[in-house]
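Student: No sequence on hand, only this structure:
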């Protein structure tokens, strides 16, 4: 239904037959399908790279959805829609969603994302914003064999050695940490620090796992700067595919609509990957507007470069 609506195919979502069929869909099966499509999409760099971020998605204003997801604190009583928080792992190569978690709208993003960390393959690289720039997060990922590239938190002060822009610091374990982190941590942790000068003249300061010592500072800075693409992916999901607001009266149907929306997104991204590969382009050059036009897609897939 999600893909049909996006392509302009008219289906009656309010028909009794459609509603009954949708209700019978198995939720665990639906939730497993986006990952299956993502696994068949894209080719990795030297390591699998994942971007992680969260967004809020509004859902139908019903009592059941309000109880399950809540409303943002700035909304006045009786105003606005319930909002769920969605955290995704995005394949940095293709933009496909490889895994996700969702829940109460005011849940701390780090806590909501916790189940995703154990599903990361060893050797993977996770790119995150400064909200994850902590001793606990870098250590937790190291325990899983996962490397981290994260923007340095503004409160952290570096001991910069001279004029160097790439060095290794030793961080000491902080006394106070959020309760959801494992307390069995070593007394210190080696962290690579990169100061990269942006074209604007500002410094991009990164904290990087020491295991990424063979990656150049320029490569890692570019890896971080590409994470804005996850915002594009969110826009494609909610606006281009019309997921928001999620038209479902209860949490179970919200979960199904969300799973189907992510499946639809990954199917379109798989098509984008095939078009880009056929034409010898970077997949990010292929817009959703091109994929809307069957003639352009046929040309790209079947006409030589």
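Tutor: On my side now, so go ahead. Since the structure is predicted, the reported quantities are computational estimates derived from the model, not experimental observations.

Student: Could I get the full set of helices for the protein?
Tutor: 2-7, 16-24, 27-39, 63-69, 109-117, 135-143, 217-225, 229-235, 251-279, 288-292, 294-302 (DSSP state H).

Student: can I get those helices in JSON lines with distance to residue 80?
Tutor: To be clear about C-beta, it is placed using only N, CA and C from the backbone, and glycine gets the same treatment. Formatted as JSON lines, those follow (distance: least, Cβ to Cβ, whole Å):
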{"stretch": "helix 2-7", "distance to residue 80": "24"}
{"stretch": "helix 16-24", "distance to residue 80": "26"}
{"stretch": "helix 27-39", "distance to residue 80": "27"}
{"stretch": "helix 63-69", "distance to residue 80": "10"}
{"stretch": "helix 109-117", "distance to residue 80": "20"}
{"stretch": "helix 135-143", "distance to residue 80": "32"}
{"stretch": "helix 217-225", "distance to residue 80": "33"}
{"stretch": "helix 229-235", "distance to residue 80": "19"}
{"stretch": "helix 251-279", "distance to residue 80": "16"}
{"stretch": "helix 288-292", "distance to residue 80": "28"}
{"stretch": "helix 294-302", "distance to residue 80": "38"}
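
Student: surely residue 61 meets residue 83?
Tutor: No: Residue 61 is beyond contact range of residue 83, at 10.5 Å (criterion: Cβ atoms under 8 Å).

Student: Same drill for the two, tell me which one is more crowded.
Tutor: residue 83 (22 against 15; other Cβ atoms under 10 Å).

Student: okay, now residue 260: neighbour count?
Tutor: 21.

Student: so how far is residue 221 from it?
Tutor: 37 Å (Cβ to Cβ, to the nearest Å).

Student: With residue 73 instead?
Tutor: Using Cβ to Cβ, residue 73 is found at 35 Å from residue 221.

Student: out of these two, which sits in the busier spot?
Tutor: Using other Cβ under 10 Å as the criterion, residue 73 and residue 221 rank with residue 221 on top: 19 against 7.

Student: ok, and the closest non-adjacent residue to the more buried one?
Tutor: Among residues not flanking residue 221 along the chain, residue 196 sits closest, at 3.9 Å (Cβ to Cβ, 6 or more residues apart in numbering).

Student: Isn't that neighbour up against residue 208?
Tutor: No: counting by Cβ under 8 Å, residue 196 stays clear of residue 208, with 11.0 Å between them.

Student: Who has more neighbours out of those two?
Tutor: Legend: neighbour count by other Cβ under 10 Å for residue 196 and residue 208, higher for residue 208 (26 against 18).

Student: Can you name the residues that contact the more buried one?
Tutor: By Cβ atoms under 8 Å, 6 or more residues apart in numbering, the contact list for residue 208 reads 147-150, 191-194, 215, 220.

Student: So what's the residue count around residue 148?
Tutor: Applying other Cβ under 10 Å, I find that residue 148 has 25 neighbouring residues.

Student: Would you mind listing the residues in contact with residue 229?
Tutor: Listed by Cβ under 8 Å, 6+ apart, the contact set of residue 229 reads 51, 90, 92, 95, 284.

Student: sorry, back to before: looking at the helices of the chain, which has the lowest confidence?
Tutor: The stretch with the lowest mean pLDDT among those is helix 2-7, at a mean of 52.

Student: these two touch, right, residue 246 and residue 61?
Tutor: No: assessed by Cβ under 8 Å, residue 246 is found out of contact with residue 61, at 10.9 Å.

Student: re the thing from before, out of the contacts of residue 229, the closest to residue 124 would be?
Tutor: Closest approach to residue 124 among the contacts of residue 229 (Cβ to Cβ): residue 92, at 10.3 Å.
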